[in-house]
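Novice: Mind looking at a prediction? Sequence and model below.
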Amino acid sequence: MTELFAIFLVSCSHMLGVCKESPEPVQVFANYNTCEERLYTRLDDAVSKFEKSLPVAVGKCVKVQPDMALANPDFKWFFANDGNLFVEAVAPAAQQNAANSQQAMLSPDKG
């Protein structure tokens with residue numbers, strides 16, 4: 001199975017208390033090394049763009065499923081107490097809602 005990687009990027013205050021996800025469209029790459037190379041450029045761009053209000057840019061290359069890559073994945077993320085960024089790519093909310101509705105229609109009523 002093909003592995004794909006997407007850049008996840010946030011700009012934050014100095015103490016990581018306030019963060020904002022990048023408004024840029026999700027970029028997906030065919031391998032981790034290409035993703036990492038592009039990530040460093042994106043980090044520099046983010047610092048330049050938000051240097052006054054959110055001067056710290058943090059990012060990570062995250063593995064995504066091929067079907068999610070086409071649908072522009074959402075991300076669940078948090079900073080651990082030690083400052084490490086943890087990120088998981090998830091199906092977009094609209095796609096999850098459609099899948100849940102379809103599953104409900106296919107499931108027998110237990111009432």
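Specialist: Perfect, I can see it now. Source: prediction; values computed, not measured.
Novice: For the rest of this, base every contact and every neighbour count on C-alpha atoms.
Specialist: Noted.
Novice: Please identify the helix or strand for residue 26.
Specialist: Secondary structure assignment for residue 26, by DSSP states H and E: no helix or strand.
Novice: and it, what does it touch?
Specialist: Going by CA atoms under 8 Å, 6 or more residues apart in numbering, residue 26 touches 6, 7, 8, 72, 73.
Novice: any idea which helix is longest in this structure?
Specialist: helix 32-50 (DSSP state H).
Novice: What segments of this protein are helices?
Specialist: So, for the chain - with DSSP H - the helices run 32-50, 66-70, 93-106.
Novice: looking at it, residue 29 is touching residue 4, isn't it?
Specialist: Yes: the pair residue 29 and residue 4 passes the contact test of CA atoms under 8 Å, sitting 5.7 Å apart.
Novice: Could you list the single helix or strand in this protein with the lowest mean pLDDT?
Specialist: Between all helices and strands in the chain, the lowest mean by mean pLDDT, DSSP states H and E belongs to helix 93-106, at a mean of 45.
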